[in-house]
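In: Sequence isn't available, so here's the structure alone:
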Ligand code: KG4
Ligand code: ZN
């Protein structure tokens, strides 16, 4: 069987990324241009600025990915791109680049769901064993996704308000930490002690849904009240308490889902999967459960195109191609 090589493109948020993936599992190149520096001073991603950067960067990044992989367009089997969810203006840059290249080189076009991409980042480091469950934790999503087979996704629980990364970023902003705040809270938490009592949103006993807005507000209120009463609160202790509350709920629900659905493998995915506290606690708890846990390396947790190429391979095998009407869809369902 000849090798199947996919060029994948990802522009759903603030990373312009392109990657070349062999047979869905091997990274030949993985180029990511982060825009974080441009959005930092606004405390979050500004959609208009994101689109402009994508326009400036996309061709350069694709050329770099092809060059690094030492491939030409004749070597490719398909072009894949994130079609949603994400910022519509940002998605469109990637989608249009992919359509133009597929047309120019007469290659099949594949639309990939961003969250499927995060899940399939794990396929670059392991072989999937079904059934499996993934905890997807990112700036826009917090979901438990069950998979019986390739390409089959069942969302068994999701956040009812803020995504966990969003809660991290908002709490960080309250503590005057730079955007994105997740890594800063993670670092502070390691230096503090979880001495401050904060709520845990368990929701209904059998629910796999999440809620983080109450916790976020509790952190903000705690700071506000302390300031009013002239009490000093250690940022480290507050970060540690917030992180403990988040991790306790995520890990408890992850364990319950893994056991109830009798999974062969449990995967972690998304930008918040870079969190050191979460990685440690999940590892300890799944060791005890005796269920295989897969955690991607940091460069595969945050947005990248390698994960899109990995997810696209399954579409290529099933010949699930898009036509030139493919569009960016900000609210695309998994
Ligand atoms: O998956 P991602 O790169 O983009 C989205 O699809 O949203 O995730 C970005 C999110 C941000 O909210 C960021 O603060 C968070 O991941 N994040 C972290 C850590 N590293 C990144 N959150 C907690 N701890 C970290 N170490
Ligand atoms: Zn993402």
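Out: Thanks, I have the structure now. Small disclaimer: the values here were computed from a predicted structure and weren't measured. Ligands and ions are numbered 1, 2, ... in the order given.
In: quick one: contacts for the residue of the stretch 51-200 of the chain at minimum distance from ligand 2?
Out: Nearest residue of the stretch 51-200 of the chain to ligand 2, counting by Cβ to the ion: residue 138, 4.4 Å away. Where you see a C-beta, it was placed from the backbone N, CA and C, and this is true even at glycine. Residue 138 is in contact with 118, 163, 164, 165, 269, 270, 271, 272, counting by Cβ atoms under 8 Å, 6 or more residues apart in numbering.
In: Can you tell me which one of the residues you listed sits lowest on pLDDT?
Out: Minimum pLDDT for the contacts of residue 138 is recorded at residue 271 (93).
In: got the contact list for that one?
Out: 137, 138, 139, 165, 180, 182, 301, 302, 303.
In: The fifth one should be in a helix, yeah?
Out: Read it as residue 180. No: with DSSP: H, G, I helix; E, B strand; the rest coil as the criterion, residue 180 is coil rather than part of a helix.
In: oh, and call the first residue 37 from now on, that's how I've got it
Out: All right, first residue 37 from here; so that's residue 216.
In: With adjacent residues omitted, what lies nearest to it?
Out: Leaving aside its sequence neighbours, residue 216 sits nearest to residue 205 (Cβ to Cβ, 6 or more residues apart in numbering; 5.6 Å).
In: give me phi/psi at that neighbour?
Out: In terms of degrees, to the nearest 10, the main-chain angles of residue 205 are phi -70, psi -40.
In: check contacts around it.
Out: Residue 205 neighbours (Cβ under 8 Å, 6+ apart): 80, 175, 215, 216, 217, 218.
In: Now narrow these to whatever sits close to ligand 1.
Out: Among those, the residues within reach of ligand 1 (Cβ under 6 Å from any ligand atom) are 175, 216, 217, 218.
In: Need the max-distance pair from those residues.
Out: The most widely separated members of these are 175 and 217, with 10.3 Å between them, by Cβ to Cβ.
In: Would you confirm that residue 45 belongs to a helix?
Out: No: read with three-state DSSP, residue 45 is strand and lies in no helix.
In: dump the residue contacts of it.
Out: With Cβ under 8 Å, 6+ apart, residue 45 has these contacts: 53-54, 94, 98, 115-118, 130, 133-134, 341, 344.
In: So for stretch 47-54, first residue to last residue, what's the gap.
Out: Distance across stretch 47-54, first residue to last, is 9 Å (Cα to Cα, to the nearest Å).
In: Also stretch 188-205?
Out: Distance across stretch 188-205, first residue to last, is 31 Å (Cα to Cα).
In: before we move on, the earlier item: out of the contacts of residue 174, which are inside strands?
Out: Of these, the ones assigned to strands by DSSP state E are residue 305.
In: Could you check how far the closest residue to residue 98 other than its chain neighbours is from residue 157?
Out: Leaving aside its sequence neighbours, residue 98 sits nearest to residue 54 (Cβ to Cβ, 6+ apart; 4.5 Å). Here the criterion is Cβ to Cβ, to the nearest Å. By it, residue 54 lies 15 Å from residue 157.
In: So for those two, which sits in the more crowded spot?
Out: With neighbours defined as other Cβ atoms under 10 Å, residue 54 and residue 157 compare such that residue 54 has more, 35 against 28.
In: and the host helix or strand of the more buried one, which strands flank it?
Out: Element membership of residue 54 [criterion: DSSP states H and E] is strand 51-58. Strand pairing for strand 51-58, determined by DSSP bridges: strand 41-46 (antiparallel), strand 62-70 (antiparallel).
In: can you give me the strands for the stretch 87-236 of the chain?
Out: 114-120, 145-149, 168-173, 178-183, 190-194 (DSSP state E, counting those that start in this stretch).
In: now the third one and strand 190-194, what's the angle there?
Out: The directions of strand 168-173 and strand 190-194 differ by 40 degrees, with axes from the mean of the first three to the mean of the last three Cα atoms, to 10 degrees as the criterion.
In: just the longest one next, same as before
Out: Taking the same axes, to 10 degrees, strand 114-120 and strand 190-194 form an angle of 30 degrees between their directions.
In: List the neighbouring strands of strand 114-120 plus their orientation.
Out: Counting by DSSP bridges, strand 114-120 is paired with strand 41-46 (parallel), strand 145-149 (parallel).
In: Thanks again, I'm all set now.
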